[in-house]
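Colleague: Sharing a sequence plus its predicted fold:
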Amino acid sequence: MPRITYYNGDYKPLSQKLRREMTRQEKHLWYDYLKPHPATFRRQKQFGHYIVDFYCASAKVVVELDGSQHYEPEEVQRDAERDQYLSGLGLAVLRFSNADVDQRFDGVCAAIDRTVREREGKGRGE
């Protein structure tokens, strides 16, 4: 399995800017669920030439929130390439729309928690 690259100094200013300028949905998910979650999540984590919205290292789970621009044909292709790259690193990629966070917040949180627990081995009673 390829080595996971956590940091690329070239992207530090951009990742810092993205942390400062989170969308309303990113703030809601971060402050109301991921930050206090028992598994540690990080915001705007770098992998190669990609910056992911949220990352849980213990479960190797990436959480991405997609605004409307992600449904344009060229963005759909870019997201597919990005997901393939991240999956190739052994990461599980969970994608949710901003509408999911707005309208089905509990379901989004449950899906994240289930995936983290399964990948950490806790979902199997271990």
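Modeller: Nice, thanks for sending it over.

Colleague: Let me know the secondary structure of the closest residue in space to residue 58 that isn't next to it in sequence.
Modeller: In space, and not counting its chain neighbours, residue 58 is closest to residue 39: 5.3 Å by CB to CB, 6 or more residues apart in numbering. C-beta: built from backbone N, CA, C; applies to glycine. Of the three states, residue 39 takes coil under DSSP: H, G, I helix; E, B strand; the rest coil.

Colleague: Please shift the residue numbers so they start at 184 in all later answers.
Modeller: All right, first residue 184 from here; so that's residue 222.

Colleague: surely residue 222 meets residue 299?
Modeller: Yes - using CB atoms under 8 Å, residue 222 is in contact with residue 299, at 5.0 Å.

Colleague: State the number of residues packed around residue 261.
Modeller: As a burial measure, residue 261 scores 13 neighbours (other CB atoms under 10 Å).

Colleague: for the helix or strand encompassing it, what is the average pLDDT?
Modeller: When elements are assigned from DSSP states H and E, residue 261 belongs to helix 256-271. Per-region confidence: helix 256-271 scores 88 on mean pLDDT.

Colleague: helices and strands around it, which ones?
Modeller: strand 233-239, strand 244-249, strand 275-280 (3 or more CB pairs under 8 Å, 6 or more residues apart in numbering; DSSP states H and E).

Colleague: Can you point out the buried residues in it?
Modeller: Going by neighbour count (16 or more other CB atoms under 10 Å), the buried part of helix 256-271 is 262, 265, 266, 268, 269.

Colleague: Same question for stretch 221-230.
Modeller: Buried-residue list, stretch 221-230, by 16+ other CB under 10 Å: 222, 224, 226, 227, 228, 229, 230.

Colleague: Can you give me the distance of the residue nearest the centre of the chain to residue 207?
Modeller: Residue closest to the average C-alpha location in the chain (CA atoms, centre = their mean): residue 246, at 2.1 Å. According to CB to CB, to the nearest Å, residue 246 and residue 207 sit 16 Å apart.
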